[in-house]
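**Q** I would like to see how this sequence folds:
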Amino acid sequence: MKKFAFLVLITAVVTYAQIPASRKSKSDAEKIASALEAGPQFVTQNATVLDYPTSPTGEFRVLRAGNNGWTCLPGFPEGPHDEPGCFDEVFLQFLKDSMAGRKPNVQSVGISYMYGGKWIPNESHAMGSGNEFHVGPHIMIVGLDQKVMQTLNQDGSNGEPYVNHLPGPHSELFLVIPIREWDDVQAARTVGVETR
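**A** Model prediction:
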């Protein structure tokens with residue numbers, strides 16, 4: 001038994017050392033708080049909060065039970081940025097199938113919110129500078145006709161709605177609709193404020 005425990009400990013240390021130091025590990029409470037920042041209150045108030053599985057085909061771990069049909073997740077643990085999202089049942093199944101290497105079988109429209117935005121490659125350099133562009137708060141829609149989706153803008157760094165797919169060998173496109181630019185947050189807070 002002691003040998004087994006020692007092997008588990010060594011495996012855990014080696015595995016941990018191989019994980020990129022992109023972000024510090026978060027507690028369950030921090031993951032829940034992050035996930036609940038991803039959508040509007042009517043979604044997050046009674047949403048289930050899950051944590052990502054430890055393997056592509058593993059089970060998502062329930063961090064908080066909910067009852068409104070929405071599920072929120074913190075950002076991907078290996079990601080360089082915290083990019084939480086809230087998903088309806090259709091979009092969540094699309095995400096789970098894609099992560100597990102299964103071809104998604106989307107039969108209806110699915111919706112997701114990412115109020116914290118997402119970092120993407122700055123392809124056009126039409127907005128911002130550097131190699132990354134932060135798409136501001138946005139809504140994503142899956143289940144639309146793929147042939148039509150292929151005709152739409154595929155560059156998210158120009159600030160317009162665009163189509164995207166999950167990282168890796170995934171080809172199923174979804175529509176991303178920015179709600180506002182990331183730097184519009186401060187401007188929105190000052191609209192209607194009286195200045196003297």
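**Q** just checking, L173 touches L166?
**A** No - contact between L173 and L166 fails when scored by C-beta atoms under 8 Å: they sit 9.8 Å apart. Yep, even glycine has a C-beta here, placed from its N, CA and C like the rest.
**Q** between those two, tell me which one has more neighbours.
**A** Neighbours were counted for L173 and for L166 using other C-beta atoms under 10 Å; L173 has more, 21 against 16.
**Q** who are the contact partners of that one?
**A** By C-beta atoms under 8 Å, 6 or more residues apart in numbering, L173 lies in contact with L144, Q146, M149, Q150, V163, N164, H165.
**Q** tell me the pLDDT at it?
**A** In this model, L173 is scored at 88, pLDDT.
**Q** name the nearest residue to A100, ignoring sequence neighbours.
**A** T57 (4.8 Å; C-beta to C-beta, 6 or more residues apart in numbering).
**Q** so what's the residue count around the one you found?
**A** Neighbours of T57 using other C-beta under 10 Å come to 10.
**Q** and the gap between it and L63?
**A** T57 sits 20 Å away from L63, taking C-beta to C-beta, to the nearest Å as the criterion.
**Q** now do F91
**A** Note on F91: its distance to L63, by C-beta to C-beta, is 19 Å.
**Q** who's more crowded, those two?
**A** Just comparing F91 and L63: by other C-beta under 10 Å the higher neighbour count belongs to F91, 25 against 17.
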